[in-house]
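> A predicted structure for the sequence below; I have some questions about it.
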Amino acid sequence: MGTDIDNGKHSNCSIEAQNDCQFQQAAILAVENVNSFGSSILAISFLLDLFGNLKILEVAMGMLVWANSNPCGNFRPQKLILLNICLIKALTLDIVYITLETVAISILVIEMGKSFTGDLFDCIDMYKQPAFDHPALKNHKLQIRPSFETKNNVTMDENFKSLLDPGFNDTCPPGTVIIRRTRKEDLMMAKELPKYFRSYGSRYHVLDSSGQNYYAIVQSQKSRFHGFQAKLTTWALPNVGPNQGSANQVWMYGDIDGPDGSLNVIQTGWHVLPRLYNDTFTRFFTYFTIDDYKTGCMNLNCKGFIQVSATHGPGFSFTGTDLSTYGGTQAYFDFQILKDPKLGNWWLSMGGINLGYWPKEVLPNLETSTALDFGGAVYTPNNEASPPMGNGHFPQEGIGKACYFMQTQFIGEDQRPFTPGPHWGYPDKNADGRYYRISAAPVYRGFWNVAYGGPGGLLPQ
């Protein structure tokens, strides 16, 4: 593809207009060859290479001005239409969208702080948080608290330590919410995220051959659920590669019998994901998809989940005594997902503290959860041996030495938690027992404690 710019063609223009026209010509060249670039983001990158001294935002906004004013009057209308289409795509989907998104968030910040692990966080007016920019939430009224009472009446023995430390060394003022700072890197990685979060049955496994997901989970029978609650032990997991991921979570599914590509899923738990965070800290996360993992939204990196807490938020890390020790004190966090029976929003609480909710408007096919999974999941590229799952040890090593979902309960349409008996859930995995295992013997009475994990080391075939 040629990149020569004709300077003589616009000799009837002023020097300033000639520069404008020259830039327009370069833009048209990029648009005409957009198929060669493969995407508008590469076309914009081409322009930046030609005019590298201009900032991204100035380039994009300037191109819109130049295209619409047409100072030399010799660009055919169809080319201007193509240019505007290309620019709109770039502004809404690619480089400049990322710039505008981070700038917009920074404008809303009331206070800034820093976590123990170096993460920046912002205090943002509860009523102006980014979630409300979601098109489906245009007329949504903020729900400050659920219509039900959040409570946690079950205690653990002295060998277990509940996590009360929010992971930050400060809290936000009343009327604001605490949000981990969204970086440009987070937004640029957004399109890659679904492969790290896909559920066991997602059809996108066969559409993405770049890596492999492995699971050791419990799958529920099909029913109608309004929630899930458990106590999940937390562990350090430093041996996860830079392009790998290891997660411990619950998946709550909407209509699993709906049309292809319409599955709604909400997820939460803890994970280690170096590619996103640039570290191997153990972090609390949330995730949801409305199209069976074609796309998805993690934490507060995009619009959807509404936060109400000024002390806790998705993305914070567990460190020090917030992590279990092998054969010693076990650390855990208890959490609950529960549908609000009056307003239909899906609330998430941790340690009896309401963190926020997934609004019903953004989950059109999750009026009720027809199935749920919980356990461990890992992702690895095809050329790398799989990472550890859980805490890297097999469940047969027992309490204090393996990763556990403790006191696991499902919540039915009557809003009451119940311990699933036999036939309510079945253990399943898609890797050999040399790498990952799960122990989920059914219970007839008492608590249901499910252990899972393993060292990994499986090289995808």
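Yep, it's here.
> show me where the stretch 251-400 of the chain has its strands.
Remark: strands assigned in the stretch 251-400 of the chain by DSSP state E, counting those that start in this stretch are 265-272, 282-289, 297-298, 306-307, 317-318, 330-339, 346-350, 353-358, 371-381.
> quick one: list the elements packing against the first one.
Here strand 265-272 touches strand 245-253, strand 282-289, strand 330-339, going by 3 or more C-beta pairs under 8 Å, 6 or more residues apart in numbering; DSSP states H and E. For every residue, glycine as well, the C-beta is placed using N, CA and C.
> re the thing from before, residue 133 is nearest to which of the strands of the stretch 251-400 of the chain?
Nearest to residue 133, of all the strands of the stretch 251-400 of the chain, is strand 306-307, at 11.4 Å by C-beta to C-beta.
> show the average pLDDT along the closest one.
Confidence over strand 306-307 (mean pLDDT, whole number) is 95.
> what do you get for stretch 429-441?
For stretch 429-441, mean pLDDT rounds to 96.
> mind exporting it as PDB, just the C-alpha atoms?
C-alpha atoms of stretch 429-441 as PDB (Å, rounded to 0.1, in the frame of the first residue of the first chain):
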ATOM      1  CA  LYS A 429     -13.800 -31.700  35.300                       C
ATOM      2  CA  ASN A 430     -12.300 -31.700  31.900                       C
ATOM      3  CA  ALA A 431      -8.700 -32.600  32.700                       C
ATOM      4  CA  ASP A 432      -6.900 -35.800  33.900                       C
ATOM      5  CA  GLY A 433      -6.700 -36.300  37.700                       C
ATOM      6  CA  ARG A 434      -2.900 -36.000  37.500                       C
ATOM      7  CA  TYR A 435      -3.500 -32.300  37.100                       C
ATOM      8  CA  TYR A 436      -6.800 -31.200  38.700                       C
ATOM      9  CA  ARG A 437      -9.300 -32.900  41.000                       C
ATOM     10  CA  ILE A 438     -12.500 -32.100  42.800                       C
ATOM     11  CA  SER A 439     -14.100 -33.700  46.000                       C
ATOM     12  CA  ALA A 440     -17.800 -32.900  46.400                       C
ATOM     13  CA  ALA A 441     -19.400 -35.800  48.200                       C
END
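> which outside residues touch it?
Contacts with stretch 429-441, where a contact means C-beta atoms under 8 Å, 6 or more residues apart in numbering, come from 200, 214-218, 375-376, 378, 386, 389, 394-396, 425-428, 448, 450-458.
> list buried residues within those.
Among the contacts of stretch 429-441, those scoring as buried are 200, 214-218, 375-376, 378, 386, 389, 394-395, 425, 427, 448, 450-456, 458 (criterion: 16 or more other C-beta atoms under 10 Å).
> would you map the helices across the stretch 101-250 of the chain?
Using DSSP state H, counting those that start in this stretch, the helices found in the stretch 101-250 of the chain span residues 184-188, 194-197.
> most tightly packed of those?
helix 194-197 (a mean of 23; mean count of other C-beta atoms under 10 Å).
> quick one: contacts of that helix?
Contacts for helix 194-197 (C-beta under 8 Å, 6+ apart): 204, 208, 210-211, 213, 245, 247, 267, 271, 273, 275, 287, 289, 293-296, 298, 379.
> same deal with stretch 293-304?
129-134, 137, 179-180, 182, 186-187, 190-191, 193-194, 197-199, 202, 204, 261, 263, 265, 276, 285-289, 305, 307, 313-315, 358-359, 362.
> just the endpoints, please. Distance across it?
With C-alpha to C-alpha, to the nearest Å as the measure, stretch 293-304 spans 15 Å from end to end.
> tell me the domain ranges of the chain?
Domain ranges of the chain: 8-93, 120-453, per automatic domain parsing.
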